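*Asks:* Please work out how this folds:
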Amino acid sequence: MNTRPFGKLGTVSALTLGGGGLGQLWGTTTRDECIATAREAPELGITLLDMAPSYGNGEAESVIGETFNGSLPEGVRITTKCRVGDIPPADIAALLEESITTSLERMKLDHVDVFFLHNWVTADGAPTYDRGTPRSSVESAVIPAMERIVASGRARAWGLTGIGDPAVLIDMLDSGIKPDFIQIMANLLDSPGGLKYPDGSAQPRNIIAAAQRAGASIMGIRAVQAGALTSEIDRFKPADNPETLDFQRAAPFRAIAAEVGLSPAFLAHQYALSMDGPATVVLGVKNRTELRECVAAEAAGPMDPGLIQRIDQAVGRMD
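*Replies:* Prediction:
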């Protein structure tokens, strides 16, 4: 598998194994299949595993602990996250400390390579909907606490999840706030689906550009937009759910996939891998069959620019 520059961590595989599928968020699977998938990923060249406590209420991290028993394969790195939300700044450090301690215990590790804030970043005074952290809290409390955890050796670096108010994120990055790493939406719809902050457009490509200006290394997430860019969403979603609406919007894309003889998931991952900015694309696979399809998409190389343009036009993507 191709590798790419990845900031403080040197290089990383073009694909990252995400924890959503291992935590059984993306459709039916089993613990045994998740363990087999986690074990096979490094064998196929994947050198980064991206976990979080919220992936199955600790299930994804427990899968890692059971699979590798505290000894990751040589060259394999791992991340985890913490959802802070809108709590008093004085309480943030303790929450981050407790979260990483519990994550390391589940995974049977003594450190992670990157520790991410895992929620929206919002403007001060704007609604957080209990899912966001105001910018002032990020700057005054989250970042210093992250830096202390890095200094302690329990994380090698820290990062942000690039969701929330795009104007706030872009201004933070342009004003000198430089996370070591940042996770940003990277899909052909430019859609965060249900993760979208309610006000305005998501602007993921503008956030990617700001992260590039800041020199932060980027992980692309939601390549298949929670299943909206696959052949079918394999779990129940109401008709007005953002993923259902994106699935409907992607009908012309699925027609193109059928025309070129590739599955929508294959084509969506190839598209994300061809985007400018992300060093690695995080997979939400829940079994080895899905994993192998993604690896094949990476092996196929960059997507033809003409096909990219065709897909963009078909789904009405706007810059």
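*Asks:* host element of the residue of the chain most remote from its centre?
*Replies:* Distance from the C-alpha centroid of the chain, by Cα atoms, centre = their mean, peaks at residue 259 (29.2 Å). Element membership for residue 259, per DSSP states H and E: helix 251-260.
*Asks:* Can you point out the buried residues in that helix?
*Replies:* By 16 or more other Cβ atoms under 10 Å, the buried positions in helix 251-260 come out as 253, 254, 256, 257. Every C-beta, even on glycine, is put in place using the N, C-alpha and C of the backbone.
*Asks:* and the helix or strand just after it with helix 251-260, angle?
*Replies:* Downstream of helix 251-260, the next assigned helix or strand under DSSP H and E is helix 264-273. On the basis of axes from the mean of the first three to the mean of the last three Cα atoms, to 10 degrees, helix 264-273 is oriented at 100 degrees to helix 251-260.
*Asks:* For helix 264-273, buried residues please.
*Replies:* By neighbour count on 16+ other Cβ under 10 Å, the buried set for helix 264-273 is 264, 265, 266, 267, 268, 269, 270, 271, 272, 273.
*Asks:* Then stretch 69-88?
*Replies:* 72, 76, 77, 78, 79, 80, 81, 82, 83, 84, 85, 86.
*Asks:* Ok, stretch 168-175 next?
*Replies:* 168, 169, 170, 172, 173.
*Asks:* Rebuild the residues you listed as a markdown table, extending it with distance to residue 45, secondary structure and pLDDT.
*Replies:* Formatted as a markdown table, the buried residues of stretch 168-175 follow (distance: Cβ to Cβ, whole Å; DSSP: H, G, I helix; E, B strand; the rest coil; pLDDT from 0 to 100):
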| residue | distance to residue 45 | secondary structure | pLDDT |
| --- | --- | --- | --- |
| 168 | 36 | helix | 98 |
| 169 | 31 | helix | 98 |
| 170 | 33 | helix | 98 |
| 172 | 34 | helix | 98 |
| 173 | 31 | helix | 98 |
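*Asks:* what's the closest of those to residue 282?
*Replies:* Nearest to residue 282 out of these is residue 169 (Cβ to Cβ; 18.2 Å).
*Asks:* Distance of the closest one relative to residue 225?
*Replies:* 19 Å (Cβ to Cβ, to the nearest Å).
*Asks:* Contacts only, for the residue nearest the centre of the chain.
*Replies:* With distances taken as Cα atoms, centre = their mean, residue 221 lies nearest the centre of the chain, 3.5 Å away. By Cβ atoms under 8 Å, 6 or more residues apart in numbering, residue 221 lies in contact with 18, 183, 184, 185, 186, 281, 282.
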